[in-house]
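1. sequence and predicted model, in that order:
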Amino acid sequence: MGIVTQKDLERLLERQAQAVVSLYMPTEPVGPQTPQNLVRLRKLLHEARTLLEARGMRSSEAKQTLSMAEDLLLEEPFWRSLGRGLALFTGHGRLETYRIPYSVPELVVAHRRFHIRPLLPLLTLDGQFAVLAASLKQVRLFVGTQQQLVPAEVELPQGLSEVLAPDTPQRVVQVRSTARLGKRKEGAVYHGQGGATEHLKKELAAYFRKVDRAVTRWLGTSRMPLVFAGVDYLFPFYRETCTYAALHPEPLVGNPDHLDDDELRKRAWELVHPLFSKAVAEALGRYQELAGSGQTSAHLEEILTAASEGSVDTLLVAREGQVWGAFQEDGCLTHLHAERRATSEDLLNTACVLVLEHSGRVLPVEQGQLPVEDHIAAIYRYPRPAGRPVPST
């Protein structure tokens, strides 16, 4: 069980043939209160089964759908690595679980789409980032948030020896750097014969091209910032070969092999956290500038229709609360439900999913940060006509 990544999110966005279950719950740390976690999960799984059966699923099929999740009740090692919250997605022989570093309210949803909205702060506002810790001996990739840093499961070259030619001259270059790991960097000093030095530079470039291919393949379409941590003379080689668009322009300078993961997390967070607050501030400012132009909306039905057509550039959505109802994409029809039903979906989650499917940006914010009193606001890619009233049932 790890923290959710952009690649995980892309997989969770896929539409399912039948109803699947999304479950969120706060968790207690390992200790005397740990049994409370089991009690809570058992209760929520019972609620999930009730929802599935109310949607028309046979009791035996509902039990089978939840069987892998119920097995967790007996897996003691699973409960030893918890965050402050747990996200669980299951259905049709599939089970995915993720640690959440902040507490989340209890929530169970059964629908043909996974309910991903409570995870979004991890990928946007609360700042998920990657750290590439590189030295000549090893290279490691981490994914982190303000609260935690975990290794990424990616195959990387473990040392410069993997790409250096066998006949590379020994001690071709002596590099002296007195910089310590931090925000500032000092220039490296190269000593040696010109031709030999150029040869080593080429080998370093080849090394980091191999690293870049692996890192870029793993990050995929993610927009998370990537921080390079390494001695000062290595960063220029990686920067020149890096094809990932969100490489942070400022590295953490020094040998990352001398730091534990928590110290690496703290120093990387110092670099990246201004990026996340800036993104929200810029989006709010842009919404105000475009208000009244036909390129913004705070009406849920209009936003859902626009999102299904790929017209939403940026979606601002409240971090808490739900709006229950149903949305028919084929006819772009929205129905609000005065009370939640077994077949209800959270329309705020539906809007998030549709925007992400069309490569839009979703920014979860506190209710008080929204430019309107409602739960949602959107910036369109181009002006659109106003929509029609939403029926409530």
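-> On my side now, so go ahead. Numbering: from 1, shown residues only.
2. where does the stretch 1-150 of the chain dip in pLDDT?
-> 1, 30-34, 124-127 (pLDDT under 70).
3. ranges for the helices of it?
-> Per DSSP state H, counting those that start in this stretch, the stretch 1-150 of the chain carries helices over the ranges 6-12, 34-54, 59-65, 67-71, 120-123.
4. got TSV for the ones you listed, with distance to F129 and mean neighbour count too?
-> Every residue, glycine included, has its C-beta placed from N, CA and C. Listed next are these as TSV, based on distance: least, Cβ to Cβ, whole Å; neighbours: other Cβ atoms under 10 Å:
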stretch	distance to F129	mean neighbour count
helix 6-12	11	17
helix 34-54	29	16
helix 59-65	35	15
helix 67-71	30	15
helix 120-123	10	22
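5. indicate which one of those helices is closest to L141.
-> helix 6-12 (12.7 Å; Cβ to Cβ).
6. list the helices and strands the closest one packs on?
-> strand 95-100 (3 or more Cβ pairs under 8 Å, 6 or more residues apart in numbering; DSSP states H and E).
7. got the buried residues for the strand it packs on?
-> 96-100 (16 or more other Cβ atoms under 10 Å).
8. tell me the phi and psi of L252?
-> As for L252, its main-chain torsions (degrees, to the nearest 10) stand at phi -90, psi 110.
9. meant to ask about P364
-> According to degrees, to the nearest 10, P364 has phi -70, psi 130.
10. surely L247 touches E240?
-> No - counting by Cβ atoms under 8 Å, L247 sits too far from E240 to count as a contact (10.8 Å).
11. and the two? Which one has more around it.
-> Each of L247 and E240 has its neighbours counted (other Cβ atoms under 10 Å); L247 has more, 19 against 12.
12. OK, contacts around V272?
-> 127, 129, 225, 227, 248 (Cβ atoms under 8 Å, 6 or more residues apart in numbering).
13. just how off-centre is the host helix or strand of the fourth one within its chain?
-> Assigned by DSSP states H and E, V227 belongs to strand 226-230. Shown here is strand 226-230, whose average C-alpha point lies 18 Å from the average C-alpha point of the whole chain (Cα atoms, centre = their mean, to the nearest Å).
14. what do you get for stretch 259-269?
-> In terms of Cα atoms, centre = their mean, the centre of stretch 259-269 is found 19 Å from the chain centre.
15. dump the helices of the stretch 1-150 of the chain to a markdown table, plus distance to I376.
-> Formatted as a markdown table, these follow (distance: least, Cβ to Cβ, whole Å):
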| stretch | distance to I376 |
| --- | --- |
| helix 6-12 | 19 |
| helix 34-54 | 24 |
| helix 59-65 | 30 |
| helix 67-71 | 30 |
| helix 120-123 | 13 |
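16. thank you kindly, that will do.
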